[in-house]
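**Student:** coordinates only, sequence not included:
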């Protein structure tokens, strides 16, 4: 809806410019434009399925898609919400694997979410400014101090550097690695 309002108010060049920037970044990733497009289609379909099921599910559960692999993280209100998120993710065309890291946590607070966002932001910055890491190939999700890495690494050394950056951050409880080495 916001995109439609943006087009009506004369912001089309801004929106198209942002899309062009996304395409430029996607073309530098190891999965290329076609892989990026396929993963984007999977993500859109899962979002649609989640939206039809529950707005609360969409608010509480996050997803990262890389080469048809879907990583689910976040804090579900109950076990049924966790199961629904996984079940619906498997229904999307092109899904090769669903990795369920959703935690059942109905008492998560604003401070926990803010801390997790801060951890992810710090790690993204460290990866971006490390010249020996292709940061655009990594997705980062943090839930309750647990950092989930997903994507593609050029080498084991690059992956080790990314993991070391994550482990060195304050408030990181552990690092879970779903990165594939090329």
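**Tutor:** Yep, that arrived. A quick note: this is a predicted structure, and the numbers were derived from the prediction, not measured.
**Student:** In this protein, which helix is the longest?
**Tutor:** helix 32-53 (DSSP state H).
**Student:** Identify each buried residue in the next helix-or-strand element following that one, please.
**Tutor:** The C-terminal neighbour of helix 32-53 among helices and strands, as given by DSSP states H and E, is helix 55-60. Buried residues in helix 55-60, counted by 16 or more other Cβ atoms under 10 Å: 57-58, 60. (Each C-beta comes from the backbone N, C-alpha and C, glycine too.)
**Student:** other SSEs contacting the longest helix of the chain?
**Tutor:** helix 12-28, helix 55-60, strand 61-66, helix 79-91 (3 or more Cβ pairs under 8 Å, 6 or more residues apart in numbering; DSSP states H and E).
**Student:** For the third one, name the packing helices and strands.
**Tutor:** Right, strand 61-66. By 3+ Cβ pairs under 8 Å, 6+ apart, strand 61-66 packs against helix 32-53, strand 69-76, helix 79-91, strand 138-143, strand 146-153.
**Student:** make it 6 Å
**Tutor:** The contact analysis (3 or more Cβ pairs under 6 Å, 6 or more residues apart in numbering; DSSP states H and E) places strand 61-66 against helix 32-53, strand 69-76, strand 146-153.
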